Structures are given as C-alpha cells and as structure tokens.
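Asker: Here's my sequence, what's the structure:
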Amino acid sequence: MIRTLQSNSEIVSARDNLRKQGLDFSEPGSKRLWDTMYSLRFRTAAPPWEMMKSWDVANVLEIAERQFPQRDAPVLDLGCYNSAILWVLHRRGFGSLFGCDLNPLCKWMPYWNSIHYQAADLTHTAYPDHAYSLISCLSVIEHGVPLDALVTEVKRLLKPGGIFVFTTDYDATGNPREVAPESRPFNLDWKIYSRLDLWEIIGKFERAGLSLLEPNNVVDCHEARPITWEGQSYTFVMVALRAPL
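Answerer: Numbering: from 1, shown residues only. This is a model prediction of the structure:
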C-alpha cells in the first residue's frame, strides 16, 4: 500500500474525522493535563502537535483498526517524540503501546502512565525479537536515519505477518530537489525523497522479506505539493509493508 497526499484538503478532512472521534490533539486543551505536568517538570511549555500530521495519523489509525479489530495487538512507534499516533491508539482502546525516540523527553509524552516510552536509538533497540504486530515510523526517516539498519531492526521486531508503516517527505514531480546542507531542522539532516528514492527504500525492505500490504493499492504520484516548510514545497507519502509469515 502506498498513499500520497494530494492536497491540503486531505489534511483538513483527516483532522475533521479525528476531531469527530475526539482524537484531534491539535485542539487547545486536548492534552491539557499532560502539558501541565510537562511544563511543571521542565519549566517550559510542552510542544504543540502540528495539524499537518493529521493525514499521517489518520492513515495509520485506519490501518490499525482494520487489521487489528480486537485492539490487543502490540504496537511500537519509532521516533515517538510528539507523535500523536500512540495517543490516538490509546484513546481507541489499544492496550499494548510502546514508543521510542532519541529524545529522552519522549518519556513525558501524554499517557506516560499507560504507554511504555523509552529513550533509544530506533535502529538499535532493546525490545525482544518478533514482539510487535504493528510498527509505525511517522515523518522520521527523512532526518538522517540509516535505512539499512532500520530495515534490519524492523524485520527483527515484527511478528510474522506484522505490519510496518512509515510516512516521509516526498516529491515525485521530477522537479530539481536539493535541501541546502545548512538546513538542519531539529539539528538533524533532512531529505525530501523522490519517486526513485522511495522505490529504492521499498526495495530494501523487500530484499529483507517484507512486501507491500495491498500491493494493488499503490498511489505514488501527485501533482500538487501542499506542504511548505523551511523554504521547500513537497508532499507526504505513506507506505505499508507486511512481514513474511
């Protein structure tokens, strides 16, 4: 499965759907208790969740609820700092939720009393082999993640038949694309992937034995570039893969 964000209206629609279910964490007060505890502990405001990530979260939520209706599937979010997917899954009744991030403040994200957060390198975690039915990695790999190491770790962590979903920054229009070396948001590298880049990433997972979930459901092209950030215009792409049985 590959889905590509086609327009800003898809982000608005995703946010509206999340709001109707009480899952829009970009709304003021939606995580007031957790933000207050964060602020008291660290004497600084908690980071706001960005509305433009609604598309990513809504897509992963849809896959999770369709593939794991019993809600007992263990889920791991790689790069979980300020990522709402675990918060949303918690509110929807998923009870075995884990998240890791290099940022140690991830341990103070919402629902820290129920979600098992850990500060760790997402390519070298201490989690047990074949422990997770679903692994998500949202808007992370474009920031310098070593992909070969990620593939190895995801393969190790997924249960047989488990699902890995990632989203990333993307531009398949063929326009010249170069992020200036000095542009380092969050003090990290940043890459906007081309269509060729995307299929090279997918190829790495396929060589490790994973395959596209719903291989006939592939949209890897777009015309609009609805995301503008750090002087660049691009879009988002989501890829869902399944581990071998």
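
Asker: in the protein, which spans are helices?
Answerer: 8-20, 32-42, 54-67, 85-91, 147-157, 195-207 (DSSP state H).

Asker: pLDDT below threshold where in this structure?
Answerer: For the chain, the stretches with pLDDT under 70 are 176-187.

Asker: which secondary structure elements does the longest strand anywhere in the chain contact?
Answerer: Counting by DSSP state E, the longest strand found in the chain is strand 158-170. Counting contacts by 3 or more CB pairs under 8 Å, 6 or more residues apart in numbering; DSSP states H and E, strand 158-170 is packed against helix 54-67, strand 132-138, helix 195-207, strand 232-242. In this view, the C-beta of every residue, glycine as well, is placed from N, C-alpha and C.

Asker: Minimum distance to Tyr111: which of the ones you listed has it?
Answerer: Closest approach to Tyr111 among these (CB to CB): helix 54-67, 14.8 Å.

Asker: Highest mean neighbour count out of the helices and strands packed on strand 158-170?
Answerer: strand 132-138 (a mean of 25; mean count of other CB atoms under 10 Å).

Asker: out of the helices of the chain, which comes closest to Lys107?
Answerer: Taking those one by one with CB to CB, helix 32-42 is closest: 10.6 Å.

Asker: Show me which positions of the closest one end up buried.
Answerer: Residues of helix 32-42 classed as buried by neighbour count (16 or more other CB atoms under 10 Å): 34-35, 38.

Asker: hang on, isn't Glu27 packed against Arg19?
Answerer: Yes - between Glu27 and Arg19 there is a contact under CB atoms under 8 Å: 6.8 Å.

Asker: overlap in contacts of these two?
Answerer: Counting by CB atoms under 8 Å, 6 or more residues apart in numbering, Glu27 and Arg19 have no shared contacts at all.

Asker: For my notes, please list the helices and strands packed on strand 158-170 in a markdown table and give distance to Thr125 for each entry.
Answerer: Shown next, in a markdown table, are the helices and strands packed on strand 158-170 (distance: least, CB to CB, whole Å):
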| stretch | distance to Thr125 |
| --- | --- |
| helix 54-67 | 19 |
| strand 132-138 | 10 |
| helix 195-207 | 18 |
| strand 232-242 | 18 |
